[in-house]
Structures are given as structure tokens and as C-alpha cells.
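Asker: any chance you could fold what I've pasted below:
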Amino acid sequence: MTSIEENKNIVLKYMVEYWAKGNADIVDEICAPDYHMYYPLGGSIDGRPAAKSFLTRFQSSFPDLSYTFLASLIAEGDYVVARWEGTGTHTGPACTDLPGD
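Answerer: As a prediction, this is how the structure comes out:
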């Protein structure tokens with residue numbers, strides 16, 4: 001079993017590499033093969049290939065995307081919570097319910 005600090009480090013690496021740097025390949029390193037993400041504006045994303053594809057589409061639609069952590073990571077047991085804010089200019093289709101799709 002991983003420690004709380006190890007779990008927090010994994011989540012931090014995911015947030016920085018995947019979201020902030022746009023490194024879609026990080027999912028191969030730290031996400032399970034049956035990885036599942038629910039993104040409110042994009043729906044369910046299931047599996048590593050879908051996560052990579054989603055990020056590629058998302059970043060092409062928000063080319064100046066940036067993220068800010070709003071609070072420290074909170075962890076208990078196997079769960080970690082991150083509170084962050086993303087900003088960027090929507091320039092193309094990324095999610096089904098945004099204008100321009």
C-alpha cells in the first residue's frame with residue numbers, strides 16, 4: 001500500500017504533467033489501464049488512449065491554457081483531492097456543450 005505522501009506526489013505529478021504541461025504520455029506511467037476520468041464538460045473518458053486523445057483535443061481548443069492550484073492537496077487513505085483553476089481562450093471544439101463545438 002502506498003503512503004499518503006506517495007499518493008499526493010502521484011496526483012501532483014499527474015496535474016502538472018498532464019494538465020499543466022500537456023504531457024499525455026504521463027498516463028502510461030501513472031494511470032491504471034482501466035483509468036476513468038469524468039470531466040464535466042467532456043463526459044466520461046475511459047482508458048489511457050481516450051485520456052490521451054481528450055487532452056490533445058482539449059489543448060488544441062485552449063492553446064493558452066494555464067492552471068493554478070487554489071489549495072494544498074488533501075489526502076486520506078487512498079484518496080487525494082486537488083483544487084485548481086484553469087483559464088484559457090476557447091478557440092475551437094473541445095467539449096460538446098461549449099459554444100463553438
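
Asker: now do the buried residues in the strand or helix carrying Ile10.
Answerer: Assigned by DSSP states H and E, Ile10 belongs to helix 4-14. Within helix 4-14, the residues scored as buried using 16 or more other CB atoms under 10 Å are Asn7, Lys8, Val11, Tyr14. Yep, even glycine has a C-beta here, placed from its N, CA and C like the rest.

Asker: how about TSV for those residues, with distance to Glu29 and pLDDT added?
Answerer: Below are those laid out as TSV (distance: CB to CB, whole Å; pLDDT from 0 to 100):
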residue	distance to Glu29	pLDDT
Asn7	15	93
Lys8	17	95
Val11	13	93
Tyr14	9	93
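
Asker: using the three-state scheme, assign Ile45.
Answerer: Put simply, Ile45 is strand when judged by DSSP: H, G, I helix; E, B strand; the rest coil.

Asker: tally of neighbours for the residue nearest to it when sequence neighbours are not counted?
Answerer: Among residues not flanking Ile45 along the chain, Met37 sits closest, at 4.5 Å (CB to CB, 6 or more residues apart in numbering). Neighbour count of Met37, defined by other CB atoms under 10 Å: 16.

Asker: and the helix or strand hosting Met37, what's buried?
Answerer: Following DSSP H and E, one finds Met37 within strand 36-39. Buried residues in strand 36-39, counted by 16+ other CB under 10 Å: Met37.

Asker: repeat for stretch 77-90
Answerer: Buried residues in stretch 77-90 (16+ other CB under 10 Å): Val80, Ala82.

Asker: so for it, first residue to last residue, what's the gap.
Answerer: The first and last residues of stretch 77-90 sit 37 Å apart, counting by CA to CA, to the nearest Å.

Asker: go ahead and name everything in contact with it.
Answerer: 1-2, 4, 7-8, 10-12, 15, 19, 61-71, 73-75, 98-100 (CB atoms under 8 Å, 6 or more residues apart in numbering).
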